[in-house]
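[1] just coords:
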């Protein structure tokens, strides 16, 4: 049996070598489809891995509270696509922050619910006027605790301090846009008619995709109370909570959940997340976009499969006389069927291997201009090869069946 299969493989390889140009173009069609899928899966895996790394760096003692309007997935995605603010109807308030912070009143950490830091995040886009004008500057209202929770490092200066001074900390890229320098400490800028003084500049973060949904390199941080006084309808998009004891994170999350249930009078319009539940706030949008792109790549793969079937049908028509001779000397329908099916499988397998390599080459090129390193996973590699084999099988069946059912006498008469 193994000798027979080896014979079929040898015949298939010989046939494909005799038609190198046609084989190359057919494999290319499969390779493009597989490469597209690999690129998409690699990018999504890189984004998820980046966020997972950030969360793990926090030591597993991070709790995130975000608004939850209980809409279905599609509605939330439409909201994200049509709004610069992913939670434009946030119901989180400073009162919620104070209620959670009460677990850590006077910095005396509760042994049962050991909350050590709480920081709200209220993001908005406004015109910033310094030595230069930035029309759409990213502004985040928060508190000094964010530095410890998010692991922010300062290049120079100090971080925000709670007080009457309207201080601000600026990211490196925004500093260059606003002042034309990376040493802006002591300089002032105007936000909504109020002057703020720069007291610190953040070190380069280079991670625009993170669980806080803040590109710190292109953002200015101000005290949330000062921002709330000058901007109407300011809304808190997220509350970050740091727990002293990782083992108490689940229990503390439950306690926060019960506290918010009281302040919200039972309305479940918020979400308390920790551990693997923490993702990018626009995670559903990423999932939908990746799903749509994968569907498009899948369609291109189907088109490549149709190309394989078309080429195999042409091959069957060209080799009618060969089929007749093989049947005349004793080849069964199954022998003919396997010969042509193996040809289809080899075409798609080679295309799959080429697509796998091509996809990761594209992923590497993308990583040069983005912070997303290529995400290499054996599961993705096996999936790519498996999909190629399935395509080869599905689209090779009809030509193989057609070849096996050829009448030997009619085949011998063919020229």
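    Perfect, thanks for sending it. None of these values were measured; they are calculated from a predicted model.
[2] could you list the domains of the chain?
    2-50+286-413, 92-268 (automatic domain parsing).
[3] start and end of the last one, how far apart?
    Spelled out, that is domain 92-268. Here the two ends of domain 92-268 are set 12 Å apart, with distance taken as Cα to Cα, to the nearest Å.
[4] chain center to it, what's the gap?
    Distance of domain 92-268 from its chain centroid, counting by Cα atoms, centre = their mean, to the nearest Å, is 25 Å.
[5] swap in the first one?
    For domain 2-50+286-413, the separation from the chain centroid amounts to 27 Å (computed by Cα atoms, centre = their mean).
[6] out of the domains of the chain, which comes closest to residue 65?
    domain 92-268 (4.2 Å; Cβ to Cβ). C-beta: built from backbone N, CA, C; applies to glycine.
[7] now the residue nearest the centre of the chain, what's its secondary structure?
    By Cα atoms, centre = their mean, the chain has its centre lying nearest to residue 44, at 3.1 Å. Under DSSP: H, G, I helix; E, B strand; the rest coil, residue 44 falls in the helix class.
[8] in JSON lines: the domains of the chain, plus mean pLDDT.
    Converted to JSON lines, the domains of the chain look like this (pLDDT from 0 to 100):
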{"stretch": "domain 2-50+286-413", "mean pLDDT": "80"}
{"stretch": "domain 92-268", "mean pLDDT": "88"}
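[9] which element is residue 342 on?
    Counting by DSSP states H and E, the element that carries residue 342 is helix 333-369.
[10] helices or strands up against that helix?
    In terms of contacts (3 or more Cβ pairs under 8 Å, 6 or more residues apart in numbering; DSSP states H and E), helix 333-369 is packed against helix 2-18, helix 20-57, helix 283-318, helix 320-328, helix 378-404.
[11] wait, which of these is closest to residue 68?
    When the helices and strands packed on helix 333-369 are compared by Cβ to Cβ, helix 283-318 sits nearest residue 68, at 11.6 Å.
[12] now the helices for the stretch 151-300 of the chain?
    According to DSSP state H, counting those that start in this stretch, the stretch 151-300 of the chain carries its helices in the segments 172-179, 224-230, 249-263, 283-318.
[13] hmm, back to that, next, the buried residues of the helix holding residue 342.
    335-356, 358-360, 362-363, 366-367 (16 or more other Cβ atoms under 10 Å).
[14] related to what we said a few turns ago, which among the helices of the stretch 151-300 of the chain is found nearest to residue 98?
    helix 249-263 (9.5 Å).
[15] so how far is residue 357 from residue 235?
    Here the distance between residue 235 and residue 357 works out to 47 Å (Cβ to Cβ, to the nearest Å).
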